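Undergrad: Let's see this in three dimensions:
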Amino acid sequence: MNSIKLRSKFSLVLWSLVSCFVVNTAFAKPPTKNRGHDEMRMIMSKLDLTEEQTTQVKAIKAASKEQMQAIKGERDETKKAALESLFTAPTFDEQAFMEMQREKSEKMHQGALIMAKAKHATYQLLTAEQKEKYAQLKQQYRAKRKDKMAKKKNKQQK
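TA: Down below sits the predicted model:
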């Protein structure tokens, strides 16, 4: 009799924990990959762009996306295999590893350049009033983010 009560209590506790986990993950925000893009997107949405500006912004985004895909290329399984062969080889080839890292770094730099050029081109489409509003919104957004980070830091310290 006692073991039945114990089992039922255990299952109740277990199901409570599982349901808490499920509910918590259901309402969790997905991680954002690039906050800079979110900031730019949010600000641009509040600038009352004309149809022509919107069309030009979309064209800039499409062109930069195409360039980024060209840099990435197809995910090459041979690179993964080459990296794995470095780890499984009897001796580690430091030069080969450094070359792989150099290539990876170069691609990252090229991607950053493409994104910076796209952001610059988008900003150049704005009128003087829109640029002023952009600066104000960016300042507000950054101040809000700074406050949020300060609160998070204080919470972690407690």
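Undergrad: any idea which element the nearest residue to Leu126 once chain neighbours are set aside lies in?
TA: Distance criterion CB to CB, 6 or more residues apart in numbering; nearest residue to Leu126, sequence neighbours excluded, is Tyr134 at 6.3 Å. The C-beta positions use only the backbone N, C-alpha and C, and glycine is treated the same way. Taking DSSP states H and E as the definition, one finds Tyr134 inside helix 128-157.
Undergrad: in that helix, what counts as buried?
TA: Gln130, Lys133, Tyr134, Leu137, Tyr141 (16 or more other CB atoms under 10 Å).
Undergrad: from those, which is closest to Gln56?
TA: If you rank the buried residues of helix 128-157 by distance to Gln56 using CB to CB, Gln130 comes first, at 12.8 Å.
Undergrad: what sits against the closest one?
TA: When contacts are counted by CB atoms under 8 Å, 6 or more residues apart in numbering, Gln130 touches Leu47, Asp48, Leu49.
Undergrad: Out of those residues, flag the one nearest to Lys152.
TA: For these, the nearest to Lys152 is Leu47 (28.9 Å; CB to CB).
Undergrad: Am I right that that closest one is in contact with Ala135?
TA: No - here Leu47 lies out of contact with Ala135, judged by CB atoms under 8 Å, at a distance of 11.0 Å.
Undergrad: Please enumerate the strands of this protein.
TA: Counting by DSSP state E, the chain has no strands to list.
Undergrad: quick check: domain ranges of it?
TA: 1-30, 33-157 (automatic domain parsing).
Undergrad: Kindly compare burial across these and name the winner.
TA: domain 33-157 (a mean of 12; mean count of other CB atoms under 10 Å).
Undergrad: mind listing the helices for the chain?
TA: Taking DSSP state H as the criterion, the chain carries its helices at 2-27, 35-45, 51-72, 77-88, 94-124, 128-157.
Undergrad: Give the other helices and strands that the longest one contacts.
TA: Helix 94-124 makes packing contacts with helix 35-45, helix 51-72, helix 77-88 when contacts are defined by 3 or more CB pairs under 8 Å, 6 or more residues apart in numbering; DSSP states H and E.
Undergrad: and if we set it to 7 Å?
TA: Helix 94-124 sits against helix 51-72, helix 77-88, with contacts defined as 3 or more CB pairs under 7 Å, 6 or more residues apart in numbering; DSSP states H and E.
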